[in-house]
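Visitor: sharing a sequence plus its predicted fold:
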Amino acid sequence: MRIAISGLTGVGKTTVAEIVAKKLKVAHITFSMKFMAEKMNISLIELQELAKKDHNIDKKFDEIQLKEMEDKKNFVISTWLGPWLAKPEISIWLTTENSQRFARVSKRENVSFEEAKKYVLKKDEQNMERYMNIYNIDITDHSMFDLELDTTDLTPEQVADIIIKEYKNKKR
């Protein structure tokens, strides 16, 4: 079982993937650039700036994820490039209103709404640019996804249940 959940910053992919993995009793792979930045004791934006100049940062990051996927076999992965890296049985793209993304990041990072807005938009732009430059992946092209789901008016539990139902339907 390989499920990939992706989406822009603040759409809820990690929260939803944790629920899906728990309900399906499989591993949740969630190594993120945020964790990498914490390990390096720098901000995520600083790491993003470094990655912009040094593509080996993204490549190393993706190697770590690929190794974890190889080790786990059955998993739910929640990362931007998961659908391209994981060769999943099902790929889901989550969306939500920008104001909700900014509010979630504001709360999570303990910053003002305006700071979160600036941060989210910059991070999204940098990631899109790097993924196109490094891998020739256009993450705005969702043609490969099995399901695009707007999480704006749904709880994480509801989103997880929809994903599980979609996965089970696809397996039939």
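Guide: Yep, that arrived. Residues are numbered from 1 along each chain as shown.

Visitor: off-centre distance for stretch 139-154?
Guide: Here stretch 139-154 is found 12 Å from its chain centre; the criterion is CA atoms, centre = their mean, to the nearest Å.

Visitor: show me what the helix or strand harbouring residue 48 is packed up against.
Guide: Here residue 48, judged by DSSP states H and E, is contained in helix 44-53. Helix 44-53 sits against helix 33-40, helix 56-72, helix 113-135, with contacts defined as 3 or more CB pairs under 8 Å, 6 or more residues apart in numbering; DSSP states H and E. C-beta: built from backbone N, CA, C; applies to glycine.

Visitor: check the average confidence over it, would you?
Guide: Across helix 44-53, pLDDT averages out at 80.

Visitor: confirm residue 22 sits in a helix?
Guide: Yes: membership of residue 22 in a helix is supported by DSSP: H, G, I helix; E, B strand; the rest coil.

Visitor: can you report how many residues lie near it?
Guide: For residue 22, the number of neighbouring residues by other CB atoms under 10 Å comes to 12.

Visitor: how close does the residue of the chain positioned farthest from its centre sit to residue 155?
Guide: The outermost residue of the chain relative to its centre, with distances by CA atoms, centre = their mean, is residue 172 at 26.5 Å. Taken as CB to CB, to the nearest Å, the spacing of residue 172 relative to residue 155 amounts to 26 Å.

Visitor: now swap in residue 48 and tell me
Guide: In this structure, residue 48 lies at 30 Å from residue 155, with CB to CB as the measure.

Visitor: neighbour count: these two, which is higher?
Guide: The residue with the greater number of neighbours, taking residue 48 and residue 155 and applying other CB under 10 Å, is residue 48; the counts read 20 against 13.

Visitor: quick check: the more buried one touching residue 125?
Guide: No: under the contact definition of CB atoms under 8 Å, residue 48 does not touch residue 125, with a separation of 9.7 Å.

Visitor: in this protein, which residue is most central in space?
Guide: For the chain, the residue whose C-alpha lies nearest the mean C-alpha position (CA atoms, centre = their mean) is residue 79; its distance is 2.8 Å.

Visitor: ok, that residue touching residue 65?
Guide: Yes: under the criterion of CB under 8 Å, residue 79 is in contact with residue 65, at a separation of 6.6 Å.

Visitor: relative to residue 172, how far out is the closest residue to residue 8 other than its chain neighbours?
Guide: Ranked by CB to CB, 6 or more residues apart in numbering and with sequence neighbours excluded, the top spatial neighbour of residue 8 is residue 124, at 5.2 Å. Taking CB to CB as the measure, residue 124 falls 35 Å from residue 172.
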